[in-house]
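Novice: structure for the following, please:
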Amino acid sequence: MNREQAEGNWNQFKGKVKETWGKLTDDDIALLEGKRDKFFGRLQEAHGVAREEGERMVKDFEKSCGCSSKSSKAA
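Specialist: Numbers count the residues shown, from 1 in each chain. Okay, the predicted model is just below:
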């Protein structure tokens, strides 16, 4: 995969995150780039869910969009 493909995949991933959790800001989504724990905290705050629920939501989202943490920048 070249750089342009990786950037395109990342942009698609960010778009899907925005569609799924519209209350999150671009800054919140930027936390996905290597700061997964902080992202869970922002998800909790924005959507009023417990940490475990936020983690489950993200795992379910990753499965549904085919963008597991092993293959994305969210790892």
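Novice: all strands for this structure, in order.
Specialist: For the chain, strands defined by DSSP state E do not occur.
Novice: pLDDT-wise, which helix or strand of it ranks last?
Specialist: The weakest-scoring helix or strand in the chain, judged by mean pLDDT, DSSP states H and E, is helix 3-20 (a mean of 75).
Novice: residue ranges with poor pLDDT in this structure?
Specialist: Residue ranges of the chain with pLDDT under 70: 1-8, 34, 68-75.
Novice: quick one, helices of it?
Specialist: 3-20, 26-30, 36-47, 51-65 (DSSP state H).
Novice: most tightly surrounded among those helices?
Specialist: Each of the helices of the chain was scored by mean neighbour count; the highest is helix 36-47, a mean of 16, by mean count of other Cβ atoms under 10 Å. All C-beta atoms are positioned from the backbone trio N, CA, C, and that covers glycine.
Novice: and it, what does it pack onto?
Specialist: helix 26-30, helix 51-65 (3 or more Cβ pairs under 8 Å, 6 or more residues apart in numbering; DSSP states H and E).
Novice: okay, these in TSV with distance to residue 12 next?
Specialist: Putting the helices and strands packed on helix 36-47 into TSV (distance: least, Cβ to Cβ, whole Å) gives the following:
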stretch	distance to residue 12
helix 26-30	13
helix 51-65	8
